[in-house]
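Q: Below: sequence and its predicted model.
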Amino acid sequence: MPVNVPLAEPLLVVLVGPPGSGKTTWARRHGQGAVHVSQDDLIDAITPHGFEYIYRPIYAAAEAAIARTALAAGHTVIVDRTNRTRALRERWLRIARAAGCPVVAVVMTADRSLCEERNRARTGPRRVSDDRMERMLAAMEPVALDEGFAATFDGDAVTLAGILARLKPGRKESGHEYCHEAR
């Protein structure tokens, strides 16, 4: 039996948080059955020696193509990138609207010092410079329901199964107090 059986629930999950906040860990821990769109993995595939600014449009096009295709096929998609501003999150909201599926934000809650510590422990191209890390942390904008999310969740308090149960009443796992639903 396949281990990554598709969930057959079109849903877009947008992870939000700075480098080192736990986005990839959350996606790996909770993303079984979902398509994982990882900016870092796509950068590694397209330019194996690390991020190159000139390829930025190609990275973005690859992310969007995978998300659109998976949602059109009825899959749950987890977007694993910082998604640090409303403007950056808007493209995911547009993709979800075009697919006619709900979109939720999962906000990582690791504090700044832990993110910096985790980043410093990284090696290779996935470690961002201290200067870049500072700029990324400074650019983080809080997620708000008025952006168009069906709900927002705290990453350390939710699972993908919990999200699906909250959005689809009648599923086995029930929601919890850490969910902030649009009303």
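A: Received, thanks. Numbers count the residues shown, from 1 in each chain.

Q: what sits against Ala105?
A: Taking CB atoms under 8 Å, 6 or more residues apart in numbering as the criterion, Ala105 is in contact with 14-16, 83, 89, 143, 147, 149, 151-153. The way it works is simple: take the backbone N, C-alpha and C, and place the C-beta from them, glycine included.

Q: rerun at 10 Å
A: 12-16, 79, 83, 89, 92-93, 143-145, 147-153, 155, 180 (CB atoms under 10 Å, 6 or more residues apart in numbering).

Q: List phi and psi for it.
A: In terms of degrees, to the nearest 10, the main-chain angles of Ala105 are phi -110, psi 140.

Q: Who does it form a beta bridge with?
A: Beta-bridge pairing for Ala105 (DSSP bridges): Val14, Thr152.

Q: And it, how far from Val14?
A: Ala105 sits 5 Å away from Val14 when distances are taken as CB to CB, to the nearest Å.

Q: quick one: common contacting residues for the two?
A: Listed as contacting both Ala105 and Val14 by CB under 10 Å, 6+ apart are 79, 83, 89, 92-93, 143, 147, 149, 152.

Q: neighbour-wise, which of those leads?
A: Neighbour counts for the shared contacts of Ala105 and Val14, by other CB atoms under 10 Å, peak at Val79, which reaches 29 neighbours.

Q: Now do the end-to-end distance for stretch 121-139.
A: Distance between the two ends of stretch 121-139: 22 Å, counting by CA to CA, to the nearest Å.

Q: which of the residues in that stretch are buried?
A: 127-128, 133, 136-137 (16 or more other CB atoms under 10 Å).

Q: Excluding its own residues, what touches that stretch? List them.
A: Counting by CB under 10 Å, 6+ apart, 17-21, 24, 40, 43-44, 47-52, 82, 84-85, 88, 112, 115-116, 118-120 sit against stretch 121-139.

Q: In whichever strand or helix holds Ala65, which residues are buried?
A: For Ala65, the host element (DSSP states H and E) is helix 56-72. Using 16+ other CB under 10 Å as the test for burial, helix 56-72 gives 59, 62-64, 66-67, 70-71.

Q: How about stretch 74-89?
A: Across stretch 74-89, burial judged by 16+ other CB under 10 Å covers 75-84, 89.

Q: do the same with stretch 107-114
A: 107-108, 110.

Q: Test my guess that Arg97 contacts Gly148.
A: Yes. Between Arg97 and Gly148 there is a contact under CB atoms under 10 Å: 7.5 Å.

Q: between these two, what contacts are shared?
A: Counting by CB under 10 Å, 6+ apart, the shared contacts of Arg97 and Gly148 are Val103.

Q: lowest-pLDDT helix or strand in this structure?
A: When each helix and strand of the chain is scored by mean pLDDT, DSSP states H and E, strand 179-181 comes last, with a mean of 40.
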